[in-house]
Each structure stands twice: as C-alpha cells, then as structure tokens.
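Novice: quick one: sequence plus predicted model below, questions after.
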Amino acid sequence: MRVHNFAAGPAALPLEVLERAQSELTDFNGLGMSVMEISHRSKDFVAVASESEALLRELLGVPEGYTVLFLQGGATGQFAAIPMNLTASGASADYLNTGSWSKKAIAEAGKYVQVNVLADEKASNYSTTPAAESISVSPGAAYLHYTANETIGGVEFGYVPETGDVPLVADFSSTIMSRPIDVSKFGLIYAGAQKNLGPSGITVVIVRDDLVGTARPETPSVLDYAAMGGADSMLNTPPTFGWYLLGLNLEWIRDNGGLTGMAERNERKARTLYDAIDTLDFYSNPVEPGSRSWMNVPFLLANADLDKEFLAQADAAGLTNLAGHRSVGGMRASIYNATSQESVEALVDFLKEFERTHA
C-alpha cells in the first residue's frame, strides 16, 4: 500500500516515475541491462545526461551563458565549493542567516572566506526572513548567499534579494522546480535533488559562465566547476541511477503543466494545510505568515505531551514522516511536488479528528 509520505528528504517521488523505472530496471533501452549496469561514458548514458540537462534548462528557462552541472556531495558539498570557486584567498562574502542550513553554509564558508552576516533572524527564533530593504551588500563582497527555503524551520523568502552587480548565490534545495524562477537574477543556484528533483545522491548547480574557471589552485577537481564541465563531462563516475531518475522526474513535471502547473498545485496544497492549522485551536504554526514555506510546514500541538500519540496514530493511518526535525521537535509536513492534494486533505482530516478526540 502506498502511504501519504510527508518526508522532508529523501522525499516522495511520483508513482508514475517509480513505475517507469521499475519497468526499465532490468532492461534499459533494449540493452538487456539496467541503466545502473552501463558505462557512464556510453552513448546510452550520455544521452540520458544530455536529455536531462536540456529538459532542466527548458523547464527553468535557463538563459544562454549558464553552465548546468550534475554533481555529488549534496548541497552541503557546495557550502565549500562555492567560496573555493568564486573567491580568491583573503576575500569576503555576504551571507543571510535564516536558520539551520544558513548556519551550516556560513560555518563552512568561514573556512575559506571572511563571512559578513548581513542579517541574522535569531531574535525571532528564525521564524522570519529579513525585510528586503534591510539588505545592503558589503563593499568588496564576492557574492551574497542566502537559503531560499529553510527546510527545518519552514521559513521561505517571498522575494529575491537585490544585489546589484554582486553575484547572488542561492540554496534552492527545497524549492527548485516547485514554481517558475528568473534564473537570470542569480550568479549561482544549487540544489540537492532529494526534494523536488529526484532521489538523493545528486546535486544540481546552475552557474553563470563568468563565474566558472576562477577556482583556487587547491580546489579538488571534483569541486571545480570548470573541471566538471557539462553533461558530457564525466571526470568522475556520477550517480547514474539518480541522474536517470532525475530525468524521468523532469519529464513528469513537464507532462503535468511544467513549473506553472507545479506552482498552482503547490500553492493550493500549502493553502489547504495552513488554513487548517490556523483554523483549528489544537495546532499552531510558528512561522511569521509572510515567511511561510510552501514546501515545509512545521506545526505544534497545543499539548506537546501528545506528540508521540499523534505520530503513532498518524502512522497507523498511513500518514508518515510527520515528526519535526530532531533539533526543533514538533511536527513537520513536507509537501513537495510529488505529494498530492489528496494526501494533504487526508492529513487535514486527521488533524480534525485528532483534535476532536484529544482537545
């Protein structure tokens, strides 16, 4: 039985994608082998890689002058790769701190650059994003980095920071492919695949070409954007099955209305769940309404002593992975692209019933 999966990542994948992969698992392209068993340099896999890149560019509207990379190491690997590729020794870079993943990016970057924290939302317990007009890029900063969506705290920017001529760098792990974005506003976008793109193990980096080729001499080749090249560059053996599934997932997005269709789908799901949390007396969402995430919805029970019982009953009802991150507790429903409206409505029905029997 397929459950209602609200995992934050690795997250739910479309059933159609899983069934397609299942049908091709032992015989890909009539080769009598799985895609996992063929060379990453073979024409069949290079075609998978090239077609995935072309479709990602089409869906996101990636303009000319940007390189698209499919890498390993997760978004966490990019915390180091970005300063190593975009700065020289002794440089400085600006960061916005809106929660757990921002903090990790700041800590890692601090090994390579002087980090200027332009905004820190600690005063609100990281339940807000900074006002757009409060952001002023530091003189000489190599770039400004922000986390578009804090997966753990459920905090999301409702705007794209203005940085003038300074490259804007964004962690889009939890929001990429969930709605249209203007890639031309960014110097670099990176995202772990395990939310809206595909399974864990592969990371997408979209980087403006003028920011490629200036890596520090000590940068490992697998982190050097110039060395890694595009879809036809196989410096290392990539996660071939993850790349293949990413391509299938992009086809599913295309066939379901593209990013406009995903935006309509995701906005409706988020509105349905937030309306229920705000209306019911037994639950609350800790995030300032203007900074609420479409993708990750944390909520608290009025009586925290009931948390374990809530999770046990939810799991028994087929509503899985609702526990909040271990660092913050409470509950969290992640409602990425593949999570259906029906799943959200099933959760809302459960919230109402649990309140009725426990309030």
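Specialist: Yes, it's here. Numbers count the residues shown, from 1 in each chain.

Novice: confidence-wise, which helix or strand of this structure is lowest on average?
Specialist: helix 225-228 (a mean of 92; mean pLDDT, DSSP states H and E).

Novice: what's whichever helix or strand comes after that helix in contact with?
Specialist: Per DSSP states H and E, the first helix or strand lying C-terminal to helix 225-228 is helix 240-255. With Cβ atoms under 8 Å, 6 or more residues apart in numbering as the test, helix 240-255 has contacts from 13-14, 16-17, 20-21, 28, 35-36, 38, 40, 45, 48-49, 51-52, 55-56, 58-59, 70, 177, 193, 197-202, 204, 259, 261-262, 337. Yep, even glycine has a C-beta here, placed from its N, CA and C like the rest.

Novice: and those residues, which are buried?
Specialist: 13-14, 17, 20-21, 28, 35, 38, 45, 48-49, 52, 55-56, 59, 70, 177, 193, 197-199, 201-202, 204, 259, 262, 337 (16 or more other Cβ atoms under 10 Å).

Novice: setting aside sequence neighbours, what's the nearest residue to residue 63?
Specialist: Counting by Cβ to Cβ, 6 or more residues apart in numbering, residue 63 lies nearest to residue 184, which is 5.3 Å off, once chain neighbours are set aside.

Novice: and the one you found, which of the three is it?
Specialist: Under DSSP: H, G, I helix; E, B strand; the rest coil, residue 184 falls in the helix class.

Novice: and it, what pLDDT?
Specialist: Looking at residue 184, its pLDDT stands at 98.

Novice: pull the number of nearby residues for it.
Specialist: 11 (other Cβ atoms under 10 Å).

Novice: against which helices or strands is the least confident helix or strand of the chain packed?
Specialist: Contacts defined by 3 or more Cβ pairs under 8 Å, 6 or more residues apart in numbering; DSSP states H and E place helix 225-228 against strand 66-71.

Novice: got the angle for the strand it packs on vs helix 240-255?
Specialist: Interaxial angle of strand 66-71 relative to helix 240-255 (axes from the mean of the first three to the mean of the last three Cα atoms, to 10 degrees): 130 degrees.

Novice: render the CA-only coordinates of strand 66-71 in PDB, please.
Specialist: Provided in PDB are the C-alpha atoms of strand 66-71 (Å, rounded to 0.1, in the frame of the first residue of the first chain):
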ATOM      1  CA  TYR A  66      25.000  29.500 -17.800                       C
ATOM      2  CA  THR A  67      26.600  26.100 -17.100                       C
ATOM      3  CA  VAL A  68      24.500  23.300 -15.600                       C
ATOM      4  CA  LEU A  69      26.300  20.700 -13.500                       C
ATOM      5  CA  PHE A  70      25.100  17.400 -12.000                       C
ATOM      6  CA  LEU A  71      27.400  16.700  -9.100                       C
END
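
Novice: remind me what that strand packs against, helices and strands.
Specialist: On a contact count with 3+ Cβ pairs under 8 Å, 6+ apart, strand 66-71 meets helix 43-60, strand 203-208, helix 225-228.

Novice: make CSV from the ones you listed and add distance to residue 255 to it.
Specialist: Formatted as CSV, the helices and strands packed on strand 66-71 follow (distance: least, Cβ to Cβ, whole Å):
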stretch, distance to residue 255
helix 43-60, 11
strand 203-208, 20
helix 225-228, 29
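
Novice: of those, which approaches residue 9 most closely?
Specialist: Residue 9 sits nearest to strand 203-208 of all the helices and strands packed on strand 66-71, at 12.2 Å, using Cβ to Cβ.

Novice: before I go, just wanted to say thanks for your time.
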